[in-house]
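> what's the 3D shape of this:
(one chain, ligands or ions: 1)
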Amino acid sequence: MRKRIAVFASGFGSNLQALIDFSAKNDLVGDISLVFSNNAEAKALERAAKHGINSFHLDPADYANREEFEREILKVLEKERIDIIVLAGYMFLLTDLIISKYRNRILNIHPAILPSFKGAHGIKDAYDYGVKVSGVTVHFADAELDHGPIIMQEPVYIDQGDTVEKFEEKIHIVEHKIYPLAVQLLCQGRLRINGRKVEIL
Ligand code: GRF
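Predicted coordinates:
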């Protein structure tokens with residue numbers, strides 16, 4: 001059965017766009033049924049509207065704590081019968097409320113080779129550190145930041161003379177290529193988790 005996907009995005013939404021483009025060109029075994037943002041100004045919400053995808057926004061400042069905030073999100077996810085959550089630049093750590101409800105059905109993308117350069121500035125942190133190679137990681141999300149079992153990693157080289165902007169561009173190209181592939185594998189039920197190891201069937 002086709003999976004119903006919710007994409008969570010806080011900002012620009014280029015990974016959301018890559019997923020939309022992939023599903024338009026390929027046989028994504030799922031539908032991008034919903035987009036959620038914590039940020040009313042997120043370009044991701046505009047992209048959803050442009051492509052006729054249902055979207056909603058909730059402001060965490062309107063809730064007493066993160067659990068209350070997530071309880072409201074969950075209500076919408078349940079109403080929309082969402083099977084899979086794809087975090088695409090969602091700048092909030094999920095609590096156990098959503099994690100336990102969607103265990104092993106939440107993907108995240110991180111712009112570095114985990115466990116290096118965790119956190120909100122993976123691209124700049126790697127660049128400033130002076131590494132010659134960094135890259136992109138797609139992994140299952142758990143309640144710890146940038147931590148769950150790793151599905152895919154692809155290296156991106158920092159060539160001499162690359163500015164941080166150039167390096168960022170190279171990272172995004174790889175993100176947009178591999179994230180849809182990982183979402184597809186999850187939709188197809190081809191990811192088997194064994195502890196920290198993920199096998200692609
Ligand atoms: C990406 O670099 C992603 O790896 C990170 O946040 C960024 C989101 O970019 N988690 P966009 O909003 O998808 O353009």
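> and this structure, which residues reach the ligand?
9, 11-15, 88-89, 109-111, 175 (CB under 6 Å from any ligand atom). The C-beta positions use only the backbone N, C-alpha and C, and glycine is treated the same way.
> wait, which of those residues is closest to Ile32?
Ala88 (10.4 Å; CB to CB).
> state the distance from the residue in the chain positioned nearest to the ligand to Leu201.
Of all residues in the chain, Gly89 sits closest to the ligand, with a separation of 2.6 Å (CB to the nearest ligand atom). Gly89 sits 28 Å away from Leu201, going by CB to CB, to the nearest Å.
> in terms of neighbours, single out the busier of these two.
Taking other CB atoms under 10 Å, Gly89 and Leu201 do not tie; Gly89 has more neighbours (22 against 8).
> quick one: secondary structure of that one?
Look at Gly89: counting by DSSP: H, G, I helix; E, B strand; the rest coil, its state is coil.
> same check, this time on the one 10 residues further on
Secondary structure, three-state DSSP: Ile99 is helix.
> that one contacts Ala141, correct?
Yes: using CB atoms under 8 Å, Ile99 is in contact with Ala141, at 7.0 Å.
> ok, the two, which is more surrounded?
A direct count of neighbours by other CB under 10 Å for Ile99 and Ala141 places Ala141 higher, at 28 against 21.
> list the residues that contact that one.
Each residue near Ala141 by CB atoms under 8 Å, 6 or more residues apart in numbering is listed here: 85, 87, 94, 99, 106-108, 148.
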